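# The amino acid sequence is not available; the structure is as follows:
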């Protein structure tokens, strides 16, 4: 049976992975400025295989409001353009041979508020993951105390440590959420 320190360390690593997953989800949420990562979730049919767009093209910023997608194979340009047009981004790409310009329209106030709601939902999901890790760690501590492998004092101290770790990670999620909300609402 693991010691309270090992249980805490394992829980902390799992919580850190939850934070990384949340950061990844936040990076995909569109703000007012275009970001090459905004197209990462789009997949294209590459000779019968569903492939992420960044594996068939190079995505870069053309200017402050436009993404430039340089397709590596000329035959894929039409497929990539259609995939971008059919995505949930609401953009209208323009093809120029193997290069596709994707102008990103400015966000309306209403759309910004909707995006903030999505962001908060992602934050709540991340908090649920952190709390689930806390519950698992506390269950491990209870099982160890019940099996008389650790004392009740060690169990209580372990639970307090895990609660402090949980509070720290939830505060980090709140900080990331506030920063992303500020970024979204900035015109």
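Looks like it arrived, so ask away. Note that the structure is a prediction, hence the values are computed from the model and not measured. Numbers count the residues shown, from 1 in each chain.
# Within the helices and strands, which one has residue 59?
For residue 59, the enclosing helix or strand under DSSP states H and E is strand 57-63.
# and the most centrally placed residue in the chain, what element?
In the chain, the centroid-proximal residue (C-alpha atoms, centre = their mean) is residue 25; its distance is 1.4 Å. Under the criterion of DSSP H and E, residue 25 resides in helix 4-28.
# which helices and strands sit right next to that helix?
Contact partners of helix 4-28 among helices and strands, from 3 or more C-beta pairs under 8 Å, 6 or more residues apart in numbering; DSSP states H and E: helix 109-146, helix 152-185. Just so you know, the C-beta spots here come from the backbone N, C-alpha and C atoms, and that holds for glycine as well.
# gap between it and the chain center?
When distances are taken as C-alpha atoms, centre = their mean, to the nearest Å, helix 4-28 is centred 12 Å away from the chain's centroid.
# Which elements pack onto the following helix or strand past it?
Sequence order places strand 43-46 as the next helix or strand after helix 4-28, per DSSP H and E. Contacting strand 43-46 under the criterion 3+ C-beta pairs under 8 Å, 6+ apart are the following elements: strand 49-52, helix 77-86.
# Let's have the ones you listed in JSON lines, adding mean pLDDT.
Output for the helices and strands packed on strand 43-46, formatted as JSON lines (pLDDT from 0 to 100):
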{"stretch": "strand 49-52", "mean pLDDT": "88"}
{"stretch": "helix 77-86", "mean pLDDT": "88"}
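# before we move on, back to that, nearest to residue 94, of the helices and strands packed on helix 4-28?
Checking the helices and strands packed on helix 4-28 against residue 94 by C-beta to C-beta gives helix 109-146 as the closest, at 21.7 Å.
# Could you chop this protein up by domain?
What the TED database lists as the domains of the chain is 2-28+107-184, 34-101.
# mean confidence score for the longest one?
I take that to be domain 2-28+107-184. The average pLDDT within domain 2-28+107-184 is 90.
# Quick one: end-to-end length of that domain, please.
44 Å (C-alpha to C-alpha, to the nearest Å).
# which residue sits farthest out from the middle of this protein?
Centroid-distance maximum for the chain: residue 148 at 40.6 Å, with C-alpha atoms, centre = their mean.
# mind listing what that residue touches?
Listed by C-beta atoms under 8 Å, 6 or more residues apart in numbering, residue 148 has no contact partners.
# That one looks like it's in a strand, true?
No. Counting by DSSP: H, G, I helix; E, B strand; the rest coil, one finds residue 148 to be coil, located in no strand.
# Angles on the backbone of it, please.
Backbone torsions for residue 148, taken as degrees, to the nearest 10, come to phi 60, psi 30.
# distance of the closest residue to residue 174 other than its chain neighbours from residue 179?
Nearest residue to residue 174 in three dimensions, chain neighbours excluded: residue 123, at 7.5 Å (C-beta to C-beta, 6 or more residues apart in numbering). Using C-beta to C-beta, to the nearest Å, residue 123 is found at 11 Å from residue 179.
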